[in-house]
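Visitor: build me a structure from this.
(one chain, ligands or ions: 1)
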Amino acid sequence: MEVLKINKQEFGETAILYSLTNDNGLTMNVTNLGARIVDLIVPVNGEERNIVLGFESAEEYLTKDIYFGATIGRVAGRIKHGSFSLDGKSYQLPVNPENGHTLHGGTESFETKLWDAEIEETTNQVSVTFSYVSPNGENGFPGELKAYVRYSLTNENEWIIDYQAETDQPTLYNPTNHVYFNLTGDMTQSVGEHELFVYADRFAVVDEDTTVTGELRSVEETPFDFRKTKSVEQVFQTTYEQNSLVDGLDHPFMLNQTGFEAPQAIITAPEKDLTVEMYTDRPAVVIFTAQFGNEGPEVRGQKLANHGGITLETQVSPGAVEFEGFGNIELYPDAPYQSRTIFKIK
Ligand code: GAL
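Guide: Residues are numbered from 1 along each chain as shown. As a prediction, the model looks like this:
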């Protein structure tokens with residue numbers, strides 16, 4: 001039976017929720033508030049399991065956690081002291097008063113905007129393309145930036161994210177998606193019992209304030225060696241300084257290979273009844289294990305556990321504007337931005 005379809009409904013006062021369903025009964029709900037994923041509901045052994053953190057109305061995002069599932073931009077991660085130079089010109093972005101850096105493009109960035117949306121249904125997938133025009137100078141960034149993010153749900157159980165952008169002046173651009181997975185569907189459970197594979201020989205060392213230091217370190221003989229699948233729990237238990245500093249993972253992993261031939265990361269549920277494979281053309285993935293302690297919000301009526309989710313934020317590693325070897329996030333008018341990440345549910 002063919003069920004591939006998209007439905008539209010209100011999501012709080014001003015936002016819209018798009019519900020995408022494929023022929024296998026997977027449902028992905030996305031909203032134009034922050035071009036965000038809200039739910040990813042997978043049938044497992046005859047039951048429905050929602051495997052991402054999300055809330056039940058747009059307003060909840062504004063008050064509880066604005067980054068859950070959102071498109072992050074213009075620049076994912078921290079820009080140290082909010083300063084950078086581009087083509088010989090220096091720029092100072094507004095910084096977060098608590099730590100003096102600019103996180104996720106600054107406050108009230110992509111994640112708080114109501115994006116335009118267009119839907120498309122083809123034979124094998126349903127898509128929503130979100131678009132947002134970020135004015136010249138928004139949050140201190142030069143250039144008017146036209147950003148597009150297309151989410152597709154395919155009959156191969158893939159969630160495909162296609163990013164495109166163009167600018168009218170040289171600028172920086174390094175978007176990601178801030179989805180948190182918890183493959184148990186029970187957000188009161190830590191993701192410690194999940195297994196993780198990451199095809200990365202090196203990770204970026206961070207400071208106490210979670211900015212990268214510029215050191216790229218081998219994962220060999222550290223809790224960061226996920227080249228052989230391991231449980232996530234070890235990064236919560238270890239006394240390795242890089243983990244105790246941030247109470248888990250909040251680090252960029254430099255991927256050994258990019259593209260869509262083989263997954264660069266895999267998360268497996270504790271019962272091994274579900275996996276999510278990540279494929280990307282980006283050179284790094286930032287993995288954050290939701291160390292919110294007791295500060296975690298209520299998620300769909302349940303108190304989120306500490307370490308109640310895990311992100312796979314594909315991007316160029318933070319530090320690209322300061323350090324050699326971290327990649328390049330400059331965007332120029334003559335070379336529009338394009339990138340793709342796929343999460344495949346198995
Ligand atoms: C992550 C970041 C964390 C934290 C989180 C938002 O991407 O690395 O340090 O700020 O976003 O809660």
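Visitor: hmm, residue 240 is touching residue 223, no?
Guide: Yes - using Cβ atoms under 8 Å, residue 240 is in contact with residue 223, at 5.1 Å. Where C-beta positions appear, they are placed from N, C-alpha and C, glycine not excepted.
Visitor: more crowded one of these two?
Guide: When residue 240 and residue 223 are compared for neighbours, residue 223 comes out ahead with 19 against 14, by other Cβ atoms under 10 Å.
Visitor: in which helix or strand does the more buried one reside?
Guide: Using DSSP states H and E, residue 223 is not contained in any helix or strand.
Visitor: can you give me the helices in the chain?
Guide: Along the chain, counting by DSSP state H, helices occupy 58-63, 233-237, 241-244.
Visitor: ok, which of those comes nearest residue 81?
Guide: The closest of the helices of the chain to residue 81 is helix 241-244. By Cβ to Cβ, the value is 22.0 Å.
Visitor: tell me if the closest one is near the ligand.
Guide: No - under the criterion of Cβ under 6 Å from any ligand atom, helix 241-244 makes no contact with the ligand; the nearest approach is 13.6 Å.
Visitor: write out the residues of the stretch 101-250 of the chain neighbouring the ligand.
Guide: So the stretch 101-250 of the chain meets the ligand at 103, 210, 250 (Cβ under 6 Å from any ligand atom).
Visitor: quick one: terminal-to-terminal distance for stretch 151-165?
Guide: In stretch 151-165, first residue to last residue: 15 Å (Cα to Cα, to the nearest Å).
Visitor: swap that for stretch 34-49, sorry
Guide: For stretch 34-49, the end-to-end distance is 24 Å (Cα to Cα).
Visitor: wait, does it contact the ligand?
Guide: No - using Cβ under 6 Å from any ligand atom, stretch 34-49 stays clear of the ligand, coming no nearer than 13.1 Å.
Visitor: gap between that stretch and the chain center?
Guide: 16 Å (Cα atoms, centre = their mean, to the nearest Å).
Visitor: now do stretch 27-44
Guide: 13 Å.
Visitor: may I see the buried residues of that stretch?
Guide: 27-42, 44 (16 or more other Cβ atoms under 10 Å).
Visitor: pull up the distance across that stretch, start to finish.
Guide: 12 Å.
Visitor: any stretches of this structure with poor pLDDT?
Guide: Low-confidence regions of the chain, defined by pLDDT under 70, span residues 1-2.
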